[in-house]
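Participant: Could you look at this predicted model? Sequence included:
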Amino acid sequence: MTVLKRRRAVERWKATHREYYLAQKRQLASRPEYLAHRRAVYAAQQAELHGASILPRRKGRPRLYEGTEAIERRRERARRNSARYRVKLCSTDQAHFSPVTENDESVEATSEDSS
């Protein structure tokens, strides 16, 4: 029961002094010796996994393709996207401009009638 009371008191203090608590936590976490210790612990965990013949997953974003296959996939996607863009560009150009021959004939007919 005393552990729960203590925990409640600690959480109450942290809520009351939130800004100070966060600043202190940031300052302590950024100490070089703390960072070195965290790196050492992580390296030990990785070595333990390698010793047990378990290959841990790499950190970061998972890659679907490696090396030259990734480059080829990227080029193929760029080709498709640029072709789609060209088609879209051509269709918008045709929609904005009607054929010149139709406009010229209608203008000539009206100008001859008025003369």
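Facilitator: Thanks, I have the structure now.
Participant: average pLDDT across the lengthiest helix in the chain?
Facilitator: As assigned by DSSP state H, the longest helix anywhere in the chain is helix 67-96. Rounded to a whole number, the mean pLDDT of helix 67-96 is 87.
Participant: Quick check: which element contains residue 54?
Facilitator: For residue 54, there is no helix or strand it lies in under DSSP states H and E.
Participant: What distance do you get for it to residue 46?
Facilitator: 10 Å (CB to CB, to the nearest Å). For every residue, glycine as well, the C-beta is placed using N, CA and C.
Participant: For the two, indicate the residue with more neighbours.
Facilitator: With neighbours defined as other CB atoms under 10 Å, residue 54 and residue 46 compare such that residue 46 has more, 12 against 9.
Participant: can you list the domains in the protein?
Facilitator: Partitioning the chain according to automatic domain parsing yields domains covering residues 1-53, 68-96.
Participant: Need these in CSV (columns: distance to residue 60).
Facilitator: As requested, these are exported to CSV (distance: least, CB to CB, whole Å):
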stretch, distance to residue 60
domain 1-53, 14
domain 68-96, 14
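Participant: right, so of those domains, which gets closest to residue 61?
Facilitator: Closest to residue 61 of the domains of the chain is domain 68-96 (CB to CB; 12.4 Å).
Participant: Can you give the distance of that closest one from its chain's centre?
Facilitator: With CA atoms, centre = their mean, to the nearest Å as the basis, domain 68-96 stands 22 Å off its chain's centre.
Participant: can you check stretch 65-80 too?
Facilitator: Distance of stretch 65-80 from the chain centroid (CA atoms, centre = their mean) equals 18 Å.
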